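Undergrad: model the structure of this input:
(one chain, ligands or ions: 1)
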Amino acid sequence: MGSRKRRRDQAAETIAAGIASGEELFGGSLEYDHGYRRHIEAHLELSLVDTFRQLPRLVARSVRLAARTDRNATLVVAAAELGQGLTGAFSLLATNEVLVGLFAQGPTPDRVRNALPALIAVAVSGTLTALLRALSTIAAGRLEPKVERAAEVTLMTKVARVEMEKLEDGDFKRLLQSASWGTDASRQMVGYSVGIVNALISLAAASVVLTVLHPVLLPLLFLITLPQAWGAVRDARRRYRSTQAWIDHNRQQAELAWHLRDRESAQEVRVHGVGRYLLHHYRRMAAAGEAEAGRLARAEAVTDLGSSALSGLASLLTYLVLGWLVLNGHTGLAASGTAVLAIRTGTGGLGRLVTQVQMTYRQSLYLADYERACVLADEHAIPEGGVPVERFPDEIALEEVSYTYADREKPAVDAVSLTIRRGQIVALVGENGSGKTTLAKLIAGLYRPQAGRILWDGTDDGRLDRDDLFRHVALVSQSFTEWPFTAAANIAIGRPRGPADSPGPADLPGPAAAPQPALVSAAEYAEADAVIDELPKGWRTLLDRSYVGGVALSGGQWQRMVLARARFRDAALVIADEPTSALDARSEIAAFAKIRELADRGQTVILITHRLASTRLADRIFVLDHGRLTEQGSHPELMASGGGYAEMYTMQAAQYADGKGSKGDKDGAARPAGADRAANGDGRVSR
Ligand SMILES: Nc1ncnc2c1ncn2[C@@H]1O[C@H](COP(=O)(O)OP(=O)(O)OP(=O)(O)O)[C@@H](O)[C@H]1O
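TA: Here you go, the predicted structure:
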């Protein structure tokens, strides 16, 4: 007794120490803000009675889903499962005949001969059951991935067309995450439902046989099974609760393990001695997890003992009743043997049923989220069709355009009116958070104005065919995508081609093969060719270090790739949002010269930058402050007016001229290259 208490205290101490480690490092739990958490408690709420109440609804939902995807395969599964129930029941009844024959009066050879036809029937039904099971496995195996793929493709197709505004809505984001579990749930539900139907049918077969043998045996079947089902539900709940309670702890532990191995933290792990410190906490946390696993195992053992004892008592009672029935001539010896077999079949079926229904219920909640996400995605889809945009407009005019993000009170863009003419370089400047990126996204058609209008040659862009509108836009965004593809694909994706004209292997540039001229010239334009030349497999190098043979590019090298991507897109409107923030001084100057070139070719450029020296090349500069347009004009006009722009510009120029500029300053408040030109006042670069 004393040693048990000591063990318990020790475990409690270990657990407390592990949790304290988590508190010290992470300040508490480490909970993902993720949609899957929506239903983690769901199956805990489901009692044994609720479980059976949910049954018809759940099975019906899966059947509908499966039938929609592959009607034939669904029919085959249903028929095969039903067939197995029938052959199972038939097999039990034939077994009864075998036993009757064997237990009959007369010489043994005669009794065996009499039992032979029934024995053959048992063998035939056994074979049939096996064949039907194989058939069901094949059809369900075909059905499940199909159902999942259909659900996945439907969701992805819809989500790819959802308006950005909706996509950024926190609730929708969580719903989507949960919905993505729903696609997997759709497959699992089919599997579970097959299991449920199978369990139900074998239970029904056993019940029918028992009722035929003697009606009193039927309730006894349930008496044996219920404690087992209760034990299974209790164990599953306890394990689930423990998993949920420890999930954050395990995540903290995984974080530590990750940082101990990670390249990014390797320097501090070594030089600052962080490795020893983290390992100490890792050990404490791991020990706490092990103590919990031990507690769980002990609790499960107790439950199993209890449910087995109850079930054993019920079995004893059943066999006593069977014996009494035989002794009093209510049933034959053979029938009681069959009853034993039927009870074994039935108890297995009921046990399986309880766990399968619980799992199906939880999956069905994710499936409901999936269905809801599909409906919402449709409701907020970018409309198809509209006025075609055959040519880029001569003028884009914004009239009192406003936009407020869902979780913000103040507008990011506040009643902005401005005009952009074809072929102009337009610079958007302003402090961090002044609304430049949001305004550019509004012009690109990614957001819809909540007030005001954007007119493309007089037509409200809400009436335009949005796909057409997008076709005229190329983005060099701050948050560009580093596609985990080859260098060639990373540029070519600027103008993705449809399945009909997608590049074959011959089109794709290899290290030896000559790449598509358009790709090469886009790379040359952005000076990405020098980056690609140095890659181990040239154009075919995978740009993702997480994979074998993959390579990591620096921030500046990526920016060149992205510039090349936009050039390859060859769109009439180029939106360049901080396109040079990671470039070195020389490349930055070259990049701005290239942007100027774009305008010379007739392309319209919207340039967002903090480097005011580069805005001097803009035809028109728009200054934003807290979402409002505060100044506009050319560089000389704005300098002459002596407003906020002139002040910012002079500050940057002076900082560099004084030699106080921090070289490589990430925020770009004062950039050597741009400021050089500013300070010299003649565009020359002093280095
Ligand atoms: N997706 C978003 N959800 C909510 N608020 C946002 C979102 N994007 C931007 N904001 C907010 O809107 C305001 C304008 O942001 P925006 O990115 O347009 O400014 P910016 O001038 O481009 O800033 P920076 O110079 O830092 O890139 C800021 O207050 C920002 O915090």
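
Undergrad: for this structure, what spans make up the strands?
TA: Under the criterion DSSP state E, strands of the chain are mapped to 395-403, 413-421, 425-430, 451-456, 459-460, 473-476, 573-577, 604-608, 620-625, 628-633.

Undergrad: centre of the chain versus the first one, how much separation?
TA: Shown here is strand 395-403, whose average C-alpha point lies 36 Å from the average C-alpha point of the whole chain (C-alpha atoms, centre = their mean, to the nearest Å).

Undergrad: buried sites along it?
TA: Using 16 or more other C-beta atoms under 10 Å as the test for burial, strand 395-403 gives Ile396, Ala397, Leu398, Glu399, Val401, Ser402, Tyr403. (Each C-beta comes from the backbone N, C-alpha and C, glycine too.)

Undergrad: could you export those residues as CSV, including distance to Tyr645 and pLDDT?
TA: Output for these, formatted as CSV (distance: C-beta to C-beta, whole Å; pLDDT from 0 to 100):
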residue, distance to Tyr645, pLDDT
Ile396, 22, 96
Ala397, 22, 96
Leu398, 19, 97
Glu399, 23, 97
Val401, 21, 97
Ser402, 22, 97
Tyr403, 23, 97
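
Undergrad: follow-up on the earlier one: save the strands of the chain as JSON lines, and put in distance to the ligand too.
TA: Formatted as JSON lines, these follow (distance: least, C-beta to the nearest ligand atom, whole Å):
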{"stretch": "strand 395-403", "distance to the ligand": "9"}
{"stretch": "strand 413-421", "distance to the ligand": "7"}
{"stretch": "strand 425-430", "distance to the ligand": "5"}
{"stretch": "strand 451-456", "distance to the ligand": "16"}
{"stretch": "strand 459-460", "distance to the ligand": "22"}
{"stretch": "strand 473-476", "distance to the ligand": "14"}
{"stretch": "strand 573-577", "distance to the ligand": "7"}
{"stretch": "strand 604-608", "distance to the ligand": "6"}
{"stretch": "strand 620-625", "distance to the ligand": "6"}
{"stretch": "strand 628-633", "distance to the ligand": "12"}
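
Undergrad: still on that earlier bit, and which of the buried residues of strand 395-403 is nearest His280?
TA: Distance to His280 across the buried residues of strand 395-403 (C-beta to C-beta) is lowest for Tyr403, with 49.9 Å.

Undergrad: who is that closest one paired with across the strands?
TA: In this structure, Tyr403 bridges to Val413 when assessed by DSSP bridges.

Undergrad: surely it touches Ala412?
TA: Yes - between Tyr403 and Ala412 there is a contact under C-beta atoms under 8 Å: 5.6 Å.

Undergrad: between those two, which contacts overlap?
TA: Thr438 (C-beta atoms under 8 Å, 6 or more residues apart in numbering).

Undergrad: tell me how many other residues surround the spatially closest residue to Leu353 that is not a sequence neighbour.
TA: Using C-beta to C-beta, 6 or more residues apart in numbering and skipping the chain neighbours, the partner closest in space to Leu353 is Ala199 (4.1 Å). Ala199 is flanked by 22 other residues according to other C-beta atoms under 10 Å.

Undergrad: what sits against Val77?
TA: By C-beta under 8 Å, 6+ apart, the contact list for Val77 reads Ala66, Ser136, Ala139, Ala140, Leu143, Val194.

Undergrad: how close does Asp248 get to Ala150?
TA: Remark: distance between Asp248 and Ala150 (C-beta to C-beta, to the nearest Å) = 35 Å.

Undergrad: how about Ile396?
TA: Relative to Ala150, Ile396 is positioned 41 Å away (C-beta to C-beta).

Undergrad: what is the neighbour count of His259?
TA: Applying other C-beta under 10 Å, we find 17 residues neighbouring His259.

Undergrad: cool, and the one 3 residues further on?
TA: Asp262 has 11 neighbours, counted by other C-beta under 10 Å.

Undergrad: identify the residues contacting it.
TA: Listed by C-beta under 8 Å, 6+ apart, Asp262 has no contact partners.

Undergrad: pop out the phi and psi values for it.
TA: As for Asp262, its main-chain torsions (degrees, to the nearest 10) stand at phi -70, psi 150.

Undergrad: again, but for Val548
TA: Torsion angles at Val548 (phi, psi; degrees, to the nearest 10) stand at phi -60, psi 130.

Undergrad: the ligand versus that one, what's the distance?
TA: 35 Å (C-beta to the nearest ligand atom, to the nearest Å).

Undergrad: verify the contact between Leu442 and Ile454 for me.
TA: Yes - the pair Leu442 and Ile454 qualifies as a contact (C-beta under 8 Å) at a distance of 6.6 Å.

Undergrad: what touches both of those two?
TA: With C-beta under 8 Å, 6+ apart as the test, Leu442 and Ile454 both reach Leu398, Val401.

Undergrad: higher neighbour count, the two?
TA: It is Leu442, of Leu442 and Ile454, that has more neighbours when counted by other C-beta under 10 Å, with 24 against 20.

Undergrad: of all of the stretch 451-600 of the chain, which residue lies closest to the ligand?
TA: The nearest approach of the stretch 451-600 of the chain to the ligand comes at Gln478, 6.2 Å away (C-beta to the nearest ligand atom).

Undergrad: give me every residue that touches that residue.
TA: Applying C-beta under 8 Å, 6+ apart, the residues near Gln478 are Thr437, Asp577, Glu578, Ser581.

Undergrad: could you do Cys374 as well?
TA: By C-beta under 8 Å, 6+ apart, Cys374 lies in contact with Thr154, Leu155, Lys158, Ala179.

Undergrad: what segments of the stretch 1-150 of the chain are helices?
TA: Using DSSP state H, counting those that start in this stretch, the helices assigned to the stretch 1-150 of the chain run over residues 2-26, 48-69, 71-103, 108-159.

Undergrad: so Ala236 is in contact with Gln358, correct?
TA: Yes - using C-beta under 8 Å, Ala236 is in contact with Gln358, at 6.6 Å.

Undergrad: which of the two has more neighbours?
TA: Neighbour count, other C-beta under 10 Å: between Ala236 and Gln358, Gln358 has more, with 24 against 16.

Undergrad: thinking Phe392 is in contact with Leu573, fair?
TA: Yes - Phe392 lies in contact with Leu573 (C-beta under 8 Å); the separation is 6.5 Å.

Undergrad: overlap in contacts of these two?
TA: Residues touching both Phe392 and Leu573 (C-beta under 8 Å, 6+ apart): His472, Thr604.

Undergrad: buried set for stretch 214-230?
TA: Neighbour-count burial for stretch 214-230 flags 214, 216-218, 220-221, 223-230 (criterion: 16+ other C-beta under 10 Å).

Undergrad: please list the residues of this structure that sit near the ligand.
TA: 168, 405, 407-408, 412, 430, 432-438 (C-beta under 6 Å from any ligand atom).

Undergrad: and Ala572, how many neighbours?
TA: The burial count assigned to Ala572 is 17, neighbours taken as other C-beta under 10 Å.

Undergrad: dump the residue contacts of the residue lying closest to it once chain neighbours are set aside.
TA: In space, Ala572 comes closest to Phe392 once its chain neighbours are excluded; the distance is 3.5 Å by C-beta to C-beta, 6+ apart. Residues in contact with Phe392 (C-beta under 8 Å, 6+ apart) are Arg422, His472, Ala572, Leu573, Thr604.

Undergrad: tell me how far Phe392 lies from Ala287.
TA: Distance of Phe392 to Ala287, given as C-beta to C-beta: 66 Å.

Undergrad: what's the farthest-apart pair in the contacts of Phe392?
TA: Greatest spatial distance in those: Arg422 and His472, 10.7 Å, computed using C-beta to C-beta.
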